[in-house]
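Peer 1: coordinates for the following, if possible.
(chains A and B)
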Amino acid sequence: MIGLAKLGGRTWVVTAAALTVLLVVNALLQPNFLEPSVIQSNLTTFLPLVLVAIGQTYVILGGDIDLSVGAIVALVNVVTVSVIAALGGDGMAVVIGLAAGMGVGAGCGLVNGLIIAGLRFQPIVTTFATSIVFSGLALWVLPQAGLPVPEPYWRTYAGTIAGVPTVYAIYLLAFLIAAFLAARPFMTRLKAVGGLRAAAFQTGLDLGRLRVLAFMLSGLFGAFASLCLTGETASGDPLMGQTLAMSAISAVVLGGTALAGGVGGALGSVLGAWVIGMIGSVIFFAGLPFEYQTLVQGLIILAALAGGVLVTRR
Amino acid sequence: MQPVLRARDISKCFGAVHALDKARLTVEHGEIHALLGANGCGKSTLCKIIAGTVGLDTGEVLIDGKAAALGSPRLAEEQGVALFYQELSLVPQLSVGENVFLGREPRDRFGFTDRSAIQRETEALIARVAAVAGKGFTPDVRVSDLSPDQRQLAEILKVLARKPKVIIFDEATATLDRRQVEVFFEILRQLKAEGVSSIFISHRMDEVFAIADRITVMRNGQTVAEFAAAETDRYAVVYAMVGETGAIAASVRDHKPLEGDARLSVTDVRASRLGPVSFTARRGEILGLGGLQGQGQKALLAGLFGAAPFLSGSVSLDGVDVTVRRPADAMAHRIAYVSGDRGRDSALPGRSIFENTAIASLVRERRHVVPGAVFRERFAEVLAGLNTRYAGLDAPIGSLSGGNQQKVFISRWLSPAPGLLLLDDPTKGIDLGAKGDFYLLARKLADEGATVIIYSSEDSELLSLCDRVLVLNGGAITADLTGDRLTPFDLTRASYGDAA
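Peer 2: Numbering: from 1, shown residues only, chains lettered A, B, ... in the order given. Sure, this is the predicted structure:
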């Protein structure tokens, strides 16, 4: 335990170790695992979760939680495909559709933030309630799955931009945004808000503004994830992304961000998201019967979380 | 030269209460200025106004001779006034440097946090207090990894980083031991040498005379005296705090001398920031706990009731050990507790008067079903005896005034009558008429054989109600006042840690 105690507060080290183990196991189970095309395909599968987890990190760092991000993903998806379809599906329509999607994501985050920070509602109950509202809106916008997106949309997503696979470009962009935010005073202040709210208040920080911004980031990254999922599925689906919110919260905690707030960072959450993705992959390639997959996945996440908790508790 | 800070004719009302009535305060450059007064004299309010956390109704504050606009803590800081917070303003998860510059981070030309500047400037600040910093006190260590006195130091660095002209230390030494106080004084002297002035609210007279250059005394929201510390003594200061009301003395009280042996015996009890303290009390006695606020009185009551159990020590009542670990056990021994914080500690909000009354009996008698008819009869009788006005037992508790609510909360404990009644600032925020009823009730219960222990933040309440007052200072009993010695003067003096 002494060895673990030295890691105190660096749960992400455990997560990185877990990721390494999973990579090795996966490479053994799946001979072509390290081929570039397989790597790209895996990273594409994990990308939405990675993005949602990055966004969720800010909310959790600020001492809140966002259960509605899965519903935001669905709402953004149906709004985007509907806008594109309504505008005729040409290039301009796609651009406007993407912008509308991002706007919806940020708007949902703003609503969450204003209700929670402005009206002082409980974040867990509020975002649970708004998730139902957002899901309802998604069903209202697009009652049934369908409405394909134009071919250039999903072709670009699966293809390359300036020679770089689009998925990698998106990863790079997400990392750059996270790194940008991490180097701003915003990050320290957000940690202060989540760390000890009374102290942050005494210091004169604008708590409401910081918390609203965190929820907007979660909404924006949710929208980002939704647009990627849309590139994969190439159509609208009002039930998309239902498990994403919970998986992302697990990823954030696995990545060393304290659920109580104040400690952590987006990079850890990326590792956490990969771990969760790899767990699914290992189970699949280990040939486990489908019926057990969800159960085993849950147990492994629970074990990984317990490992993190042991490190944090000194 | 102009004084660095001059507050003139400051008045402030909270509702109908005049917290400050044309108070004044003058602080010179490079001076350590002690601000003294009994509970509720307005010293904290005055400091909060100067620090911008509370607005003023009338009056003005001049900084270096210029009228200052002090609408918020931030504005006050910009004009050179900083308030030192006890512990509340440090975020444990952040590093010392991050805490010191939180909210005012130096930025590079791209707007990113300039971490090397934080490192550099925090190091420079630490160098100023190097003599007392201790091991491992670096800019990048997390505050949660610091020792308590290093945390205090980090708090001071955070204040210093704002380059203040005046620092207000409100009870800064309250949680420190003797050695830490020395360290703290060393810092105050160094600030003074650098020309920074300090306003220092303390609860210990010997500290005041050890460190202060000048002393301002407040009473009832007014500034009543200003002294140069070297030219006065503690008697003069205490007299100023007490004022002419020092004469009310024993005449209001009409108490028979207490007879009989001690029935409550408290031995070496300890809690966080309390004790060890020991004392005894008799049947029929109303024992007051006096002193400035936050000296361990509430911890003592909470410990006796088991709400926050003592760390060590023992309590016995009528020869039975009642060192309880939880309120349910205290209730089984007929120990009752009524808090002045009705909303937090007493009320079942939104529930009826009946439910609010019956709750204690349910717990004590371990009942799972409310015997409606029996209880209703019992409590109608008890409540009628309290002279409480109410629409009916089923009216919601919130329909009653604060004073009447408090009577309901007492009625919980009256059937059967309590052996030990603990009152924690019970008349806070209730009107004068209800207070009078409350005192009569406490006296009646004592006469019927209860031992009553009351903490009050109002000295006059203790002086008029109690047979005896234990004065606490920094978690220790500094005086045991009865009879002729139960005077405002002795109470105030002991409140400031001066044992008679």
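Peer 1: hey, let's count contacts and neighbours off CA atoms from now on
Peer 2: Noted.
Peer 1: which element is the closest residue to chain B within chain A on?
Peer 2: Proximity to chain B, evaluated over chain A using C-alpha to the nearest C-alpha, is greatest for A:A199 at 3.8 Å. Using DSSP states H and E, A:A199 maps to helix A:197-202.
Peer 1: quick one: mean pLDDT over that helix.
Peer 2: Helix A:197-202 shows a mean pLDDT of 88.
Peer 1: CA atoms only for it, dumped as CSV, please.
Peer 2: What follows is helix A:197-202, C-alpha atoms only, in CSV (Å, rounded to 0.1, in the frame of the first residue of the first chain):
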residue,chain,number,x,y,z
ARG,A,197,-16.6,26.7,-3.0
ALA,A,198,-16.6,28.9,0.1
ALA,A,199,-12.9,29.7,-0.5
ALA,A,200,-13.5,30.5,-4.2
PHE,A,201,-16.3,32.8,-3.2
GLN,A,202,-14.2,34.5,-0.5
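Peer 1: any residue of the next helix or strand after that helix up close to chain B?
Peer 2: Note on helix A:197-202: by DSSP H and E, the next helix or strand toward the C-terminus is helix A:207-233. No - Helix A:207-233 lies apart from chain B when judged by C-alpha under 8 Å from any C-alpha of the partner chain; the minimum separation is 11.0 Å.
Peer 1: can you pull out the helices in the stretch 51-200 of chain A?
Peer 2: Along the stretch 51-200 of chain A, counting by DSSP state H, counting those that start in this stretch, helices occupy A:69-86, A:91-113, A:123-141, A:151-158, A:166-182, A:185-195, A:197-202.
Peer 1: could you dump those to a markdown table with mean neighbour count?
Peer 2: Below are the helices of the stretch 51-200 of chain A laid out as a markdown table (neighbours: other C-alpha atoms under 10 Å in any protein chain shown):
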| stretch | mean neighbour count |
| --- | --- |
| helix A:69-86 | 29 |
| helix A:91-113 | 21 |
| helix A:123-141 | 19 |
| helix A:151-158 | 16 |
| helix A:166-182 | 16 |
| helix A:185-195 | 26 |
| helix A:197-202 | 19 |
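Peer 1: can I get those in JSON lines with distance to B:S415?
Peer 2: Below are these laid out as JSON lines (distance: least, C-alpha to C-alpha, whole Å):
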{"stretch": "helix A:69-86", "distance to B:S415": "55"}
{"stretch": "helix A:91-113", "distance to B:S415": "50"}
{"stretch": "helix A:123-141", "distance to B:S415": "42"}
{"stretch": "helix A:151-158", "distance to B:S415": "77"}
{"stretch": "helix A:166-182", "distance to B:S415": "62"}
{"stretch": "helix A:185-195", "distance to B:S415": "46"}
{"stretch": "helix A:197-202", "distance to B:S415": "42"}
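Peer 1: show me the shaky parts of chain B.
Peer 2: B:86-87, B:174-177, B:244-259, B:432-433, B:499-500 (pLDDT under 70).
Peer 1: and it, what are its domains?
Peer 2: B:5-246, B:249-495 (automatic domain parsing).
Peer 1: export the ones you listed as JSON lines, with columns for mean neighbour count.
Peer 2: Listed next are those as JSON lines, based on neighbours: other C-alpha under 10 Å:
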{"stretch": "domain B:5-246", "mean neighbour count": "19"}
{"stretch": "domain B:249-495", "mean neighbour count": "19"}
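Peer 1: need those domains in a markdown table with distance to A:A303, can you?
Peer 2: Below are the domains of chain B laid out as a markdown table (distance: least, C-alpha to C-alpha, whole Å):
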| stretch | distance to A:A303 |
| --- | --- |
| domain B:5-246 | 25 |
| domain B:249-495 | 36 |
